[in-house]
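J.: using only what follows, build the 3D model:
(2 chains)
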Amino acid sequence: MTTVITVPPSLDDETFEQVFEQVAAVSVDQKVLVDARHTRWSSPYGLTALLAVGQSRAEQAAFAGPEAEDTASYWARAGFYRHASEVFELHGKVPRTREAPAESNVLLEITEVARSDDVHTVVERIQSRAQAILVHELHLDPQATMRFAMTLSEVCQNIVEHAGQGGWVAVQTYQYRQRLGRRAVVIAVCDAGLGFRRSLESTPGWKPRDRWDDAAALEDALVRGVSRYRDPGRGQGLAGVRRFVGKWDGKLSIRSGTARITIVPEWDDAVPLKEGLPHFPGAQVQITIPERVQPG
Amino acid sequence: MTHHIDVGSVLKRTVCDLYSNLVTRPTGAAVRREIEIVLCGLAEPSLTVIDFSQVGLLDFSCADEVVGKLLDGVRRQVIVTDAYVLVRGVRDDHLEAIEAVMQRYDLAVIVETEDGAWHVVGPLDDGMRRVLDAVHRCGRIVPSELVKEVEQPASTVEASLVGLLARRLVMRDDDAYVSLQSVM
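T.: Numbers count the residues shown, from 1 in each chain, chains lettered A, B, ... in the order given. I've put the predicted structure just below:
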């Protein structure tokens, strides 16, 4: 029997919890159909997390894409279908992935990250467009461009080093009207691999503490800079990401397993640590850097 | 004699001639191994200038591999050579990554930024910083002169010099202490 997973009309990090909830209720070896026919909009997080859903299933999931042509066309241009065909059995009308001009708001179309070379590719691609968009459109300091690329590099490396399998990254700008009332650039990096807790548990000689769960693992990694490697230089990547996000009044959230940890800026009201979420493997990261309000 | 290593060229030669960004641990490890081979082949004591001016991005992981592990290996003599290292051609974003790494290892390194200014990057107490500044100003100085230069008791200056030598931030030449920049 196939279970239908209904994708909400508008797909972002919050509404995606509805998808995770439905997926968590179905054993991985059971068939699911991810039904996005009525979806009209998705953030980069939504698109990359959908791919992670496909990746998480032992029995290949089916996928029905948006019926709205403009939405389907946009998803195709963002690179979604190219990757979806690898992890889903595609149903219905699949838009042709033509050699179309890139969307002006897409800094990086959905890109697979599985090996270190992929991280190089991501960084090379983003640098060519980041300067123009971050500085001229979002009014960030020119120095932010390099830090932005460093941040992207570090979050992508988390997949290579800790996921145990590939994942996807996408970077876009969009109007963040609901909370911010201004534009923002968003990095989304999602995989369905080991996740933070299992990665830290693989540390040689690791022993569980009194309180040990997904939330504790996220706190260890993000707040305390703990890594499964013993080298003193490890664990700096996420610390650097935190500094970058803090400096530019950004928001960082990492969901892994049943928990989500968030570095919350003043403009947002997210819960810093949310536990008891529906279980989903791997790590799903979103970084939001808002447009800088120019004085005067 | 001072040896010069252009990290951008090492990156292209050892990893990929299309890359100008120092990102990912495997890339950093490959570049560090190449630098280690060069260091171990130099006449001792050696001074090596590691030049980042042709490097685009330097992320934290690569800074750890190229700078952190290299200097830590030299300090602990895992890399068995009497080597001193200066870093140059460093932009602000490079500096941020190198600073974070130095903190983690409790190491310090002398860095020349793009504007030509020298900075000591990494944790170093005020006494050692004062003594290091004085050695840099004078180029070569004996401890008795150094005591006058920094207006500190001889025992304090001596302790600072021990710390600077252990961190390989100054060289010893008979009774005198020599700044690395003056050897360049």
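J.: which elements pack onto the longest strand along chain B?
T.: Using DSSP state E, we find that the single longest strand of chain B is strand B:83-90. Under the contact definition 3 or more Cβ pairs under 8 Å, 6 or more residues apart in numbering or on different chains; DSSP states H and E, strand B:83-90 sits against strand B:46-51, helix B:69-75, strand B:109-113, helix B:180-183. To be clear about C-beta, it is placed using only N, CA and C from the backbone, and glycine gets the same treatment.
J.: for residue A:157, find the nearest of the ones you listed.
T.: Ranking the helices and strands packed on strand B:83-90 by proximity to residue A:157 (Cβ to Cβ) places helix B:69-75 first, at 16.2 Å.
J.: any idea how far residue B:77 is from residue B:28?
T.: Going from residue B:77 to residue B:28 by Cβ to Cβ, to the nearest Å gives 21 Å.
J.: quick one: the strands in the chain?
T.: Picked chain A for this. Using DSSP E, strands in chain A cover A:3-6, A:10-11, A:32-35, A:41-42, A:61-64, A:88-91, A:106-113, A:167-176, A:182-191, A:251-257, A:259-263, A:273-274, A:280-290.
J.: oops, wrong one, chain B.
T.: Going by DSSP E, chain B shows strands at B:2-6, B:46-51, B:83-90, B:109-113, B:118-121, B:140-141, B:170-173, B:176-179.
J.: the more surrounded of residue B:77 and residue B:28?
T.: More crowded of residue B:77 and residue B:28, by other Cβ atoms under 10 Å in any protein chain shown: residue B:28, with 28 against 9.
J.: can you pull the contacts of the more buried one?
T.: By Cβ atoms under 8 Å, 6 or more residues apart in numbering or on different chains, the contact list for residue B:28 reads B:22, B:61-66.
J.: if you set the cut-off to 6 Å instead, what comes out?
T.: B:62, B:65-66 (Cβ atoms under 6 Å, 6 or more residues apart in numbering or on different chains).
J.: so which of the residues you listed are in helices?
T.: By the criterion of DSSP state H, membership of the contacts of residue B:28 in helices covers residue B:62.
J.: okay, the contacts of residue B:28 in TSV with distance to residue A:164, neighbour count and pLDDT next?
T.: Formatted as TSV, the contacts of residue B:28 follow (distance: Cβ to Cβ, whole Å; neighbours: other Cβ atoms under 10 Å in any protein chain shown; pLDDT from 0 to 100):
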residue	distance to residue A:164	neighbour count	pLDDT
B:62	22	30	94
B:65	21	25	94
B:66	26	30	95
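J.: between the contacts of residue B:28, which is nearest chain A?
T.: residue B:65 (7.7 Å; Cβ to the nearest Cβ).
J.: pretty sure the closest one is touching residue B:33, no?
T.: No. With contacts counted by Cβ atoms under 6 Å, residue B:65 stays clear of residue B:33, the gap being 9.4 Å.
J.: got a list of what residue A:265 touches?
T.: Contact analysis of residue A:265 by Cβ under 6 Å, 6+ apart lists A:249, A:251.
J.: quick one: it and residue A:184, what's the gap?
T.: Applying Cβ to Cβ, the value for residue A:265 to residue A:184 is 11 Å.
J.: ditto for residue B:154
T.: For residue B:154 relative to residue A:184 (Cβ to Cβ), the value is 59 Å.
J.: of these two, give the one with the bigger neighbour count.
T.: Ranked by neighbour count (other Cβ under 10 Å), residue B:154 and residue A:184 place residue A:184 first, with 20 against 11.
J.: my guess is the more buried one contacts residue A:290, does it?
T.: Yes. In this structure, residue A:184 is within contact of residue A:290 by Cβ under 6 Å, at 4.6 Å.
J.: is stretch B:108-115 up against chain A anywhere?
T.: No. Stretch B:108-115 stays clear of chain A (Cβ under 6 Å from any Cβ of the partner chain), getting no nearer than 12.5 Å.
J.: which residues sit against that stretch?
T.: With contact meaning Cβ under 6 Å, 6+ apart, stretch B:108-115 is reached by B:86-88, B:90-91, B:118-122, B:124, B:167, B:180.
J.: around residue B:129, how many other residues sit close by?
T.: The number of residues packed near residue B:129 is 15, by other Cβ under 10 Å.
J.: distance check, it against residue B:141.
T.: For residue B:129 relative to residue B:141 (Cβ to Cβ), the value is 16 Å.
J.: please apply the same query to residue B:54.
T.: 34 Å.
J.: again, but for residue A:210
T.: Distance, residue A:210 to residue B:141, using Cβ to Cβ: 56 Å.
J.: looking at the two now, which is surrounded by more residues?
T.: When residue A:210 and residue B:141 are compared for neighbours, residue B:141 comes out ahead with 22 against 5, by other Cβ under 10 Å.
J.: so what's that one bridging to?
T.: Residues in a beta bridge with residue B:141, per DSSP bridges, are residue B:177.
J.: CA atoms only: put stretch A:224-242 into CSV for me.
T.: This file holds the C-alpha atoms of stretch A:224-242, laid out as CSV (Å, rounded to 0.1, in the frame of the first residue of the first chain):
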residue,chain,number,x,y,z
ARG,A,224,30.3,23.9,22.6
GLY,A,225,32.1,23.2,19.3
VAL,A,226,32.3,19.4,20.0
SER,A,227,33.4,17.2,17.1
ARG,A,228,33.7,13.5,16.8
TYR,A,229,37.3,14.0,15.9
ARG,A,230,39.8,14.6,18.7
ASP,A,231,42.1,17.1,16.9
PRO,A,232,42.1,20.4,18.7
GLY,A,233,41.4,22.2,15.4
ARG,A,234,38.1,20.4,14.9
GLY,A,235,34.7,22.0,15.6
GLN,A,236,35.7,25.5,14.3
GLY,A,237,33.5,25.3,11.2
LEU,A,238,30.2,25.7,13.0
ALA,A,239,31.7,28.3,15.4
GLY,A,240,32.7,30.3,12.4
VAL,A,241,29.2,30.0,10.9
ARG,A,242,27.8,31.2,14.2
